[in-house]
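Participant: 3D, please:
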Amino acid sequence: MTSPRLLSARRCMLALGAVAALASPWGAAWAAGAPQVKFSTTAGDFVVEVYPDKAPKTVENFLQYVRDKHYDGTVFHRVIENFMVQGGGFDAKYVQKPTRAPVVHEGREALAKGGPRNVVGTLAMARTSDPHSASSQFFINVKDNAFLDPTVIPPGDPVPRFEYQGRVYENTPRANLVNAPQLYGYTVFGKVVSGMDVVNKIKSTPTGPGGPFPGDVPRTPIVIHTATLLP
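Facilitator: The predicted structure follows:
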């Protein structure tokens, strides 16, 4: 598959540029009732909270993998220090674990509900070039990555004016924009609420080739011992 940034291996996610936009406010107000998952890894522990009110199908998909112990024994197989850390799909021998059917992309809907963008510490779903292909793999942004945000389509049909990557498109049929794969971005559905120092430790680990990947694999495997839904 083609993959400019996030992953170079087949069946892993593809980074397609999306229009950068102003960050939406989000924070402590979401904590009430937000499920939390503790990851215990060889680099230390961190906790994420997820937002079913923003991306319900994505969150339920993620939590079901947690309940099924899918993440236990998997590794962070893709680490880029000034970008993101990704895991949830391969065991310590780089064997890809079987997954359920993919989840529908909810990126735009989550943003419309006030959900977070791809900023430092947020949790998003990895996918292939097909926007609706996310299954178990996730990534944590370790930098503000606005180009991964879903692109909001202006109202109208046709859309009177649409700007993307410096070009202006006029009177474009709405369906052409809504269904354009490069405008979907990545669905953000949670954030790290404790242990960001551990995530920063992971992002700084030396990397190189490993398994089927030509690079960006931690030279010392970073294994998720357990992922546990907190009471």
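
Participant: Would you map the helices across this protein?
Facilitator: Using DSSP state H, the helices found in the chain span residues 56-67, 107-112, 174-178, 196-203.

Participant: Any buried residues in the longest one, and which?
Facilitator: Neighbour counts over helix 56-67 (16 or more other CB atoms under 10 Å) mark Lys57, Thr58, Val59, Asn61, Phe62, Leu63, Tyr65, Val66 as buried. The way it works is simple: take the backbone N, C-alpha and C, and place the C-beta from them, glycine included.

Participant: What separation is there between the fifth one and Ala227?
Facilitator: Between Phe62 and Ala227 the distance, using CB to CB, to the nearest Å, works out to 9 Å.

Participant: Identify the contacts common to these two.
Facilitator: Val37 (CB atoms under 8 Å, 6 or more residues apart in numbering).

Participant: Quick check: the gap between the residue lying closest to Lys201 once chain neighbours are set aside and Ala146.
Facilitator: The spatial neighbour of Lys201 that comes closest, neighbours along the chain excluded (CB to CB, 6 or more residues apart in numbering), is Ala43 at 5.1 Å. Distance of Ala43 to Ala146, computed by CB to CB: 27 Å.

Participant: Among these two, which residue is more densely surrounded?
Facilitator: Just comparing Ala43 and Ala146: by other CB atoms under 10 Å the higher neighbour count belongs to Ala43, 23 against 17.

Participant: low pLDDT regions in the protein?
Facilitator: Scanning the chain for pLDDT under 70 picks out the ranges 1-32.

Participant: Centroid-wise, who is the farthest residue in it?
Facilitator: Distance from the C-alpha centroid of the chain peaks at Asn171, with 32.0 Å (CA atoms, centre = their mean).

Participant: contacting residues around the spatially most central residue of the chain?
Facilitator: Among the residues of the chain, the one closest to the centroid is Ala124, at 2.3 Å (CA atoms, centre = their mean). Applying CB under 8 Å, 6+ apart, we find Ala124 in contact with Asn118, Phe138, Phe139, Ile140, Asn141, Leu148, Tyr186, Thr187, Val188, Phe189.

Participant: Can you tell me which of these is closest to Gly88?
Facilitator: Taking CB to CB as the measure, Gly88 sits nearest to Phe138 out of the contacts of Ala124, at 5.0 Å.

Participant: Dig out what the closest one forms beta bridges with.
Facilitator: Following DSSP bridges, Phe138 is listed with bridge partners Gly87, Met125.

Participant: Surely it touches Arg78?
Facilitator: No: Phe138 is not in contact with Arg78 according to CB atoms under 8 Å; the separation is 11.0 Å.

Participant: any shared contact partners between the two?
Facilitator: Gln86, Gly87.

Participant: what's in contact with stretch 55-70?
Facilitator: For stretch 55-70, contacts defined as CB under 8 Å, 6+ apart pick out 35, 37, 50-52, 71, 88, 97, 99-100, 103-104, 106-107, 109-110, 115, 125, 134-136, 138, 187-190, 226-229.

Participant: In ChimeraX, how would I select just the buried ones from those?
Facilitator: To isolate the buried ones among the contacts of stretch 55-70 in ChimeraX, judged by 16+ other CB under 10 Å, type:
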select :35,37,50,51,52,71,88,97,99,103,106,107,109,110,115,125,134,135,136,138,187,188,189,190,227,228
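
Participant: Could you tell me which residues make contact with Val142?
Facilitator: Val142 makes contact with Glu81, Asn82, Phe83, Met84, Val85, Val120, Gly121, Val199, Asn200, Lys203 under the criterion CB under 8 Å, 6+ apart.
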